[in-house]
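A.B. asks: need a structure here:
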Amino acid sequence: MSAVECSYQISGSGPALYMVHGIGARKSTWNDIIAALEDSFTCVSYDLRGHGDSPIPPTPYTLEQLVEDLEALRTKLGHEKIHIIGHSLGGMIGPAYAQAFPDKTLSVGLLSTAAGRTEDDKSKLKKVGKAMEKSGVIPVLSTFVERWYTDAFIESSPDKIKARLKQVEDTPTDVFLSVFWIYACTEMAPWLKQVTCPCLVLTGELDGGCNPRLNEFIHSQLPDSELIILENLKHSILIEAPERVSRPLRKFLLAL
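C.D. replies: Numbers count the residues shown, from 1 in each chain. Predicted coordinates:
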């Protein structure tokens, strides 16, 4: 299957910084990060295939197809080399792109992602996937909320959480399941050592599925990386604490 022309937004000036969202999210997820970086970078965020305003080709999708979509967008916009930051599934697409197109990649930010999962980790993910296949995505939304946000944020920001859940609800079920299985079944361990560009590895201290243990492993496998653990945060760091993400991200990128 050929690459999809994904819907994108672009703002700012300077080196190109491509932003890759996670499962059932949208390009708008990056807006607060963009606001902190667009004075120094040309920020490009886009909807993955099947998400938001992008085309919805038949499922299932593969990680390789998501990488090709990113490369098609880079080619279309004419950026010779790019920085990439990705969250969750996007944190797998970014390094996979860097492995496939090392001469086009300046750096990668791996945010709230996973590698080096144990058999128990994999089993838990498969149970979630099987439950969604059986009953649909909507019944597990409350579980996602508890995994993604701290109790304090759930209490203080119901509108932001409601908006995030609507993104999930508006994502076709087969698309959501397809990209969930990419996330659940991708193991970056065999090839992370091949990603030689500078990398920032960052996750929340309380993130159950993308925990510090897995991110310490990612950091240990990458030849050139920096590891940051954000205290008292779970998975949805771009929405709950964008300022705590953008500060180290900005520092990392400007030092390159």
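A.B. asks: Nearest spatial neighbour of V4, chain-adjacent residues omitted?
C.D. replies: R49 (4.3 Å; CB to CB, 6 or more residues apart in numbering). All C-beta atoms are positioned from the backbone trio N, CA, C, and that covers glycine.
A.B. asks: So the one you found, which state does it fall into?
C.D. replies: Classification of R49 using DSSP: H, G, I helix; E, B strand; the rest coil returns coil.
A.B. asks: Could you tell me how far it is located from D174?
C.D. replies: 12 Å (CB to CB, to the nearest Å).
A.B. asks: Neighbour count for the two, which is higher?
C.D. replies: R49 (25 against 14; other CB atoms under 10 Å).
A.B. asks: residue contacts, the more buried one?
C.D. replies: Neighbour list for R49: 4, 6, 55-57, 61, 65-66, 69, 175 [criterion: CB atoms under 8 Å, 6 or more residues apart in numbering].
A.B. asks: Next: E146.
C.D. replies: I154.
A.B. asks: and it, helix, strand or coil?
C.D. replies: Under three-state DSSP, E146 falls in the helix class.
A.B. asks: Going forward, the N-terminal residue is numbered 14.
C.D. replies: Shifting the count to begin at 14 puts that one at E159.
A.B. asks: How much space separates it from V258?
C.D. replies: E159 is 21 Å from V258, where distance means CB to CB.
A.B. asks: Please apply the same query to D220.
C.D. replies: 13 Å.
A.B. asks: Report all helices and strands that the helix or strand in which D82 is found contacts.
C.D. replies: Following DSSP states H and E, one finds D82 within helix 76-90. Contacts defined by 3 or more CB pairs under 8 Å, 6 or more residues apart in numbering; DSSP states H and E place helix 76-90 against strand 21-24, strand 29-33, strand 55-59, helix 103-113, helix 186-198.
A.B. asks: can I get those in TSV with mean pLDDT?
C.D. replies: Formatted as TSV, these follow (pLDDT from 0 to 100):
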stretch	mean pLDDT
strand 21-24	98
strand 29-33	99
strand 55-59	98
helix 103-113	98
helix 186-198	98
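A.B. asks: Cool, thanks, signing off.
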